[in-house]
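K.L.:
give the three-dimensional model of this entry:
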Amino acid sequence: MKQTALAIAIAGITGTAFAAPSAQDRVYTADQNSNTVSVINPATNTLLGQIRLGNERPDVLSPLYKGEINVHGMGFSPDHKTLIVVSNGSNSVTFIDTATNTVKGKTYIGRSPHEGFFTADGKEVWVVVRGEDYISVIDPKTFKETRRIETAPGPGMVQFLPDGKLAFAVSSFTPEVDVIDVKKHKIVKRIPVVSPFSPFLQFTPDYKEMWMTHKDVGKVTRIDTKTLEVKGVIDTGFITNHLSFAKVGGQTYAYVTIGGENLVKVYTTGDAPKLIASIPTGALPHGIWTSDDSSRVYVGLENGDAVEVIDTAVNKVTAHIAIGQAPQALVFLSHAVPHGDGTQNLVARTNGESINVTLKPVNGEAKGFVVSRNLGVVDALEVSLFKLKPMTNYSVYVSGQDAPVARFRTNPKGMANGTAIGPLRNVAATLSSEQVGASRIVVMEGDAPADPAQAVLVSANAA
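P.N.:
Numbers count the residues shown, from 1 in each chain. Got it, this is the predicted structure:
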């Protein structure tokens, strides 16, 4: 098959376009809770260490704190020498030298940036400012913002066609895709799509289509990059996060992380895509990227604090790598470290393993899950609730405590998410699957006391 411009560019760097993962390649994850970048050697599937950009949450609230908060998004330069890391809590873009793991620059931009990427020629970095309505354009040499490109409210991600002419920006608040003339820095077309919440996009290997995820409605939209029209919509599943492509046996397949089902679903990419495999993973698969040779797909587990490796020849998970807390974006970079072992300036992983609990409805269609993480002197219990009554208060009880550990109010779509922070170690210990007993987590409507029989949700292993 004819090589794409991107493949040719990679060939110029590495000497081979589709080499198997090597010790000079890297997998990086953006770890939102520990505020680290985890660095993995894909040749051995081992964690080499972490780049620490800030303190673990909640140790980020001091008025004198200067570290990053919510390390979340990632992008990289065409030569793979620079990794950019977007922190949406501290509104920053950090530029990291991939050979030495050192921070070489930092740019602070607008409210709640999400993802960023270099232009095809490497001369600019475009970062979507999701909390506002523009793309911040940054000079990667001076680390200064040079201009802003107005978009629909809530831009979620931007990527570029390899000829450098057009960029595609999806939105997390507006049901449209903005197509942008890169040279003019102006929108040339707005494409309506099925829902307002898209966090991620990726091009097919031949760049003929752009695929985007819709996290809110569990779908993927395909857009023809020549006609700039929607080509189709695929029903994928609850909490559709990111996607990647792999070429296996002469065919191109899409690998889609379905966070609410703990699956990576594999689809054909022809005119009528078909689901051909559902690969079980750990808790809440989120970020995903494919190795250059398509032999491996790397999946970040947001609630599992790990990366899992899928062998595309058999579509099974073959490795599990413990990393930082709550990984979001994930990228694979070939030849990121040209010489040596590339472990300079890395620190050891300090966080322990998370505990995950699925919530099941007592009646109705409600869904939910809970993850407990130790944060040193305190613990965090992160609760996610779905398909409840809109704009309604709910109380969360743990281990038969008289008082709720948290209270939430759902949004207009019946969803709620939040974190209870405190001395919850005894609570977390009772969540272990090795313990057998009564209901461990109970979600009640309003301020009603805990009662598993009257609850809307209970832990899946409740008595």
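K.L.:
where's the residue nearest to D31 when sequence neighbours are not counted relative to L83, distance?
P.N.:
Spatial nearest neighbour of D31, excluding adjacent residues (Cβ to Cβ, 6 or more residues apart in numbering): G324 at 2.9 Å. In short, each C-beta sits where N, CA and C put it, glycine included. Using Cβ to Cβ, to the nearest Å, we find G324 at a distance of 15 Å from L83.
K.L.:
so which of these two has more stuff around it?
P.N.:
Shown here are G324 and L83; by other Cβ atoms under 10 Å, G324 has more neighbours (27 against 24).
K.L.:
quick one, what contacts the residue nearest to D31?
P.N.:
T29, D31, N33, S34, T36, V37, S38, Q50, D305, R349, N351 (Cβ atoms under 8 Å, 6 or more residues apart in numbering).
K.L.:
try G259
P.N.:
F238, I239, T240, N241, L284, P285, H286, E302.
K.L.:
same deal with N91?
P.N.:
Counting by Cβ under 8 Å, 6+ apart, N91 has contacts Y108, I109, G110, R111, S112, P113.
K.L.:
which stretches of the stretch 151-300 of the chain form strands?
P.N.:
For the stretch 151-300 of the chain, the strands defined by DSSP state E, counting those that start in this stretch occupy 155-160, 166-171, 176-181, 186-192, 201-203, 209-214, 219-224, 229-235, 240-248, 251-258, 263-268, 275-280, 285-290, 296-301.
K.L.:
swap in the stretch 351-463 of the chain?
P.N.:
Counting by DSSP E, counting those that start in this stretch, the stretch 351-463 of the chain has these strands, from start to end: 355-361, 367-374, 379-386, 393-398, 406-409, 416-422, 441-445, 457-459.
K.L.:
neighbours around P192, how many?
P.N.:
Number of residues near P192 (other Cβ under 10 Å) recorded here: 9.
K.L.:
ugh, wrong one, S459
P.N.:
Other residues near S459 come to 24 when the count uses other Cβ under 10 Å.
K.L.:
tell me which residues touch the nearest residue to it once chain neighbours are set aside, please.
P.N.:
Closest residue in space to S459, ignoring its immediate chain neighbours: I441 at 4.2 Å, by Cβ to Cβ, 6+ apart. Taking Cβ under 8 Å, 6+ apart, we find I441 in contact with V357, L359, V370, V396, Y397, V398, L431, L457, V458, S459, A462.
K.L.:
contacting residues for the first one?
P.N.:
Taking Cβ under 8 Å, 6+ apart as the criterion, V357 is in contact with F369, V370, V371, S372, L431, R440, I441, S459, A460, N461.
K.L.:
now the residues you listed in CSV, with pLDDT?
P.N.:
Formatted as CSV, these follow (pLDDT from 0 to 100):
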residue, pLDDT
F369, 92
V370, 90
V371, 91
S372, 87
L431, 54
R440, 78
I441, 88
S459, 89
A460, 79
N461, 60
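K.L.:
which one of those is nearest V71?
P.N.:
The closest of the contacts of V357 to V71 turns out to be V371 (Cβ to Cβ; 17.3 Å).
K.L.:
number of nearby residues for the nearest residue to that closest one once chain neighbours are set aside?
P.N.:
Leaving aside its chain neighbours, V371 sits nearest to N303 (4.3 Å; criterion: Cβ to Cβ, 6+ apart). N303: 26 surrounding residues under other Cβ under 10 Å.
K.L.:
may I have the predicted confidence score for N303?
P.N.:
Here, the pLDDT recorded for N303 equals 95.
K.L.:
element containing it?
P.N.:
Using DSSP states H and E, N303 sits within no helix or strand.
K.L.:
hmm, back to that, any chance of a markdown table for the contacts of I441, columns distance to T252?
P.N.:
Below are those laid out as a markdown table (distance: Cβ to Cβ, whole Å):
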| residue | distance to T252 |
| --- | --- |
| V357 | 37 |
| L359 | 37 |
| V370 | 37 |
| V396 | 43 |
| Y397 | 48 |
| V398 | 46 |
| L431 | 41 |
| L457 | 40 |
| V458 | 43 |
| S459 | 41 |
| A462 | 44 |
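K.L.:
which pair of the residues you listed spans the longest distance?
P.N.:
With distances taken as Cβ to Cβ, the most widely separated pair in the contacts of I441 is L431 and L457, at 14.7 Å.
K.L.:
which one of the strands of the stretch 351-463 of the chain is the most hemmed in?
P.N.:
strand 457-459 (a mean of 27; mean count of other Cβ atoms under 10 Å).
K.L.:
list of residues touching that strand?
P.N.:
357-362, 366-368, 370, 385, 431, 439-443, 452.
K.L.:
let's go with 10 Å and repeat that
P.N.:
Strand 457-459 has contacts (Cβ atoms under 10 Å, 6 or more residues apart in numbering) with 357-362, 364, 366-370, 383, 385-388, 394, 396-398, 430-431, 438-445, 450-452.
K.L.:
residue ranges with poor pLDDT in this protein?
P.N.:
Within the chain, the ranges that satisfy pLDDT under 70 run 1-17, 376-378, 400, 422-439, 461-463.
K.L.:
residue boundaries of the helices in the stretch 1-150 of the chain?
P.N.:
5-14 (DSSP state H, counting those that start in this stretch).
K.L.:
ok, which of the strands of the stretch 151-300 of the chain comes nearest M74?
P.N.:
strand 285-290 (8.0 Å).
K.L.:
would you agree L243 is in contact with I288?
P.N.:
Yes: assessed by Cβ atoms under 10 Å, L243 is found in contact with I288 at 6.5 Å.
K.L.:
contacting residues for the residue nearest the centre of the chain?
P.N.:
Central residue of the chain (Cα atoms, centre = their mean): Q328, 3.1 Å from the mean position. Q328 is in contact with 29-33, 70-74, 86, 88, 114-115, 199, 241-242, 286-287, 300, 302, counting by Cβ under 10 Å, 6+ apart.
K.L.:
cutoff 7 Å now
P.N.:
A30, Q32, H72, H286, G287, E302 (Cβ atoms under 7 Å, 6 or more residues apart in numbering).
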